[in-house]
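S.K.: Would you be able to build a 3D model of this:
(one chain, ligands or ions: 1)
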Amino acid sequence: MDLLKFKNKKLYIDNFKLESILKKKETPFYLYSLDQIKKNIRQVKLSFKNFKPLICYAIKANSNLSILKELNKSNLGADVVSIGELKLALKAGVKPDKIVFSGVGKTDKEIKFAIQKGILSINAESRNEIELINNISKKLKKTTNIGIRINPNIKAKTNKKIATGNKVNKFGISISDFLNIIQAKKNYKNINIYLLSVHIGSQIMDIKVYKKVLNLVSKVLIKLRKLKHSINYVDLGGGMGIPYFKNDKKFNFKDFGLAVSKFYQKEKVKIIFEIGRFITGNSGLIISKIIYIKKINDRYFIILDTGMNDMARSAIYDTFHEIIPLQKSSKKFKKKIEFVGPICESSDTFGVYKNYSSLKEGEYVCITNCGAYGRTLSSNYNMRPLIEELILSNNKLKTVRLRQKIEDLI
Ligand code: LLP
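M.R.: Next up is the predicted model:
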């Protein structure tokens, strides 16, 4: 989070001292900075100012209703992947004509609901799904605007568990199948294929691979023109990465914006993005208390009151989320330390540090960059209630989702 700073050894977000929350709140909890989210949105919009795309927020990254309402106020649309996310987007006030629906496994019920709501585009990911959308539309006596997601067979440099654009991945359809469907479009009288979508994966730092995608999409558009089929939208998905390590390079949004702007001027289609992580990722922290510090051989284990059930990314993808103490000590640990959670799995770890500022039981730390795929990936594993969520905005704190009660889980 750009806004985190130490002043007199105490950790602050802007002018807000994090320790001051602890008198009122039980740990662990999520804390999101709305100011950081707004800063991220400003950066994205500035880079895209030449072509003003529709930016749909990928709700899977963070589904907190209060955050979604704020994103809606900033004119963002929504990218949803289930009827649950679709209902949530509508509840947040997002207009149906700013909602796209992705996903390989949409059910009859989900498709029917999306058609009835008249969303901007159902982005179909298989011929079977296209047929189903056509059949349901026919029954409802409607013509539905849809998109088709292509699988570009382009490998993005990222963790293989979150890459989606390669031919071995389940997403989208091949370009030749896409063109065959366009040629056979008279068989689908109740749909209008007016969007092409592509999403090659998440946490991508290098814009080169996006340039490859843009070139490929341009080639597909030439083929579409030969088939006398025109489309209104190109949906370029999301995936723009954020630095998790302090020295990681940042995603070059400015150059990315210029590349897409060139594409836009050439192709004259409206552009859509489905951005999740870049908008909320660096806005969220988990504040956690140290329950025990125990030593096994040469290592100190710092046992936190939060674990992989609250923040699964480190356990699932081996990712690094820097942990920062709320109060810095002038002393340091002489041995290695490892932050771990209370869950009964060895994967419940948040990383090993050398020369870390000295800590005591009962003190507090925060886990950084948890604003995307933090809460949304969390679970009740080990019968642990989902934790409270707070938003900080203009130095004011607000609870935006309550901690679950154990009784509700039983
Ligand atoms: N559009 C589609 C079709 C997607 O599948 C995704 C993410 C996005 C947009 C948004 O991507 P973003 O801008 O957030 O990178 N749980 C993993 C990430 C999984 C991403 C799934 N799809 C993680 O914690 O890294």
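S.K.: Pull out the buried residues from stretch 126-143.
M.R.: Using 16 or more other C-beta atoms under 10 Å as the test for burial, stretch 126-143 gives 126-127, 129-130, 132-134, 136-137. C-beta: built from backbone N, CA, C; applies to glycine.
S.K.: List the ones among those that fall in helices.
M.R.: 127, 129-130, 132-134, 136-137 (DSSP state H).
S.K.: Any chance of those residues in CSV with distance to Gln327 and pLDDT as columns?
M.R.: Output for these, formatted as CSV (distance: C-beta to C-beta, whole Å; pLDDT from 0 to 100):
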residue, distance to Gln327, pLDDT
Arg127, 59, 96
Glu129, 53, 97
Ile130, 57, 98
Leu132, 57, 98
Ile133, 56, 98
Asn134, 61, 98
Ile136, 58, 98
Ser137, 60, 98
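S.K.: quick one: which of those is nearest the ligand?
M.R.: Nearest to the ligand among these is Glu129, at 14.0 Å by C-beta to the nearest ligand atom.
S.K.: Contacts only, for that closest one.
M.R.: When contacts are counted by C-beta atoms under 8 Å, 6 or more residues apart in numbering, Glu129 touches 106, 111.
S.K.: again with Arg299
M.R.: Applying C-beta under 8 Å, 6+ apart to Arg299 gives the contacts 335-338, 352.
S.K.: Look up how far the ligand lies from it.
M.R.: Counting by C-beta to the nearest ligand atom, to the nearest Å, the separation of Arg299 from the ligand is 27 Å.
S.K.: Make 187 the first number, not 1, from now on.
M.R.: With 187 as the first residue, the last one maps to Arg485.
S.K.: Specify the beta-bridge partners of that residue.
M.R.: Beta-bridge partners recorded for Arg485 (DSSP bridges): Ile482, Lys522.
S.K.: For burial, what's the neighbour tally of the residue nearest to His415 when sequence neighbours are not counted?
M.R.: Take His415 and drop its neighbours on the chain: the residue closest to it by C-beta to C-beta, 6 or more residues apart in numbering is Ile368, 5.0 Å away. Residues near Ile368, counting by other C-beta atoms under 10 Å, number 18.
S.K.: Over to Lys292?
M.R.: Residue neighbour count, defined by other C-beta under 10 Å, stands at 23 for Lys292.
S.K.: Not counting sequence-adjacent ones, nearest residue to it?
M.R.: Once flanking residues are discounted, Lys292 sits nearest to Glu315: 6.3 Å by C-beta to C-beta, 6+ apart.
S.K.: Which positions within the helix or strand containing Lys452 qualify as buried?
M.R.: Under the criterion of DSSP states H and E, Lys452 resides in helix 439-453. Using 16+ other C-beta under 10 Å as the test for burial, helix 439-453 gives 439, 442-443, 445-447, 449-450, 453.
S.K.: if you look at that helix, does any of it touch the ligand?
M.R.: No - Helix 439-453 does not reach the ligand (C-beta under 6 Å from any ligand atom); its nearest approach is 12.3 Å.
S.K.: now swap in stretch 354-369 and tell me
M.R.: No - in terms of C-beta under 6 Å from any ligand atom, no part of stretch 354-369 sits within range of the ligand; the closest distance is 7.3 Å.
S.K.: Give me the contact list for that stretch.
M.R.: 290, 311-313, 316, 334-339, 349-351, 353, 374, 379, 382-385, 402, 406, 409-410, 413, 415.
S.K.: sec struct for Thr466, please.
M.R.: Of the three states, Thr466 takes helix according to DSSP: H, G, I helix; E, B strand; the rest coil.
S.K.: Counting neighbours, what do you get for Arg570?
M.R.: Using other C-beta under 10 Å as the criterion, Arg570 is surrounded by 21 other residues.
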